[in-house]
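*Asks:* Build me a structure from this.
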Amino acid sequence: MVYNAAFPLFVSSVMAKKTELRSVGVLSAGKIVGLLYGVFGIFGALFFIAYFGFLSLFGLAMTKSFSALLFGVFGIALMFFIPLFYGVLGFIFGCLAAFVYNHVAARIGGLEMEFSK
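*Replies:* The predicted structure is shown next:
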C-alpha cells in the first residue's frame, strides 16, 4: 500500500499496470493533431486580424485614402486562411510523426506507460 499525499487515499501499487505503446493509428493521429493545430491557428489569426486592422486604421488616418483598407481586407482573409493552413499542415505532420513512431517503435520498442484501474 502506498500513501498518495495529493489524493489522500491508500492506493495499492498492484493496481497499476505497465504497458507499451507499440503503434499509433496514422490517420487517427493526423486528425487529432490537425484539429489541435487548427484551433491554435484561430488564435494566431486573431493576432493577425488585430495587427492588420491596426495598420488599416492607422493608414486610413494618415493618408485619408481608402487603399489603406486593403490591410483590413488582408487581415480578414488571413482569418480564414491561417486556421485552415495550420490544420492541413497539422494533419500532414501528425500522420508523418505517427508513421515514423510506428517504425521506430517496431525496432527499439515503444513508450512504456503505466495505467491504473
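*Asks:* Report the buried residues of the longest helix anywhere in the chain.
*Replies:* Ranked by residue count and defined by DSSP state H, the top helix of the chain is helix 69-108. For helix 69-108, burial by neighbour count (16 or more other C-beta atoms under 10 Å) applies to 71-72, 74-76, 78-79, 82-83, 85-87, 90-91, 94-95, 98, 101-102, 105. Every residue, glycine included, has its C-beta placed from N, CA and C.
*Asks:* Against which helices or strands is it packed?
*Replies:* Applying 3 or more C-beta pairs under 8 Å, 6 or more residues apart in numbering; DSSP states H and E, we find helix 69-108 packed against helix 26-63.
*Asks:* Now the helix it packs on: average pLDDT?
*Replies:* Helix 26-63 carries an average pLDDT of 86.
*Asks:* so that helix versus helix 69-108, what angle?
*Replies:* 160 degrees (axes from the mean of the first three to the mean of the last three C-alpha atoms, to 10 degrees).
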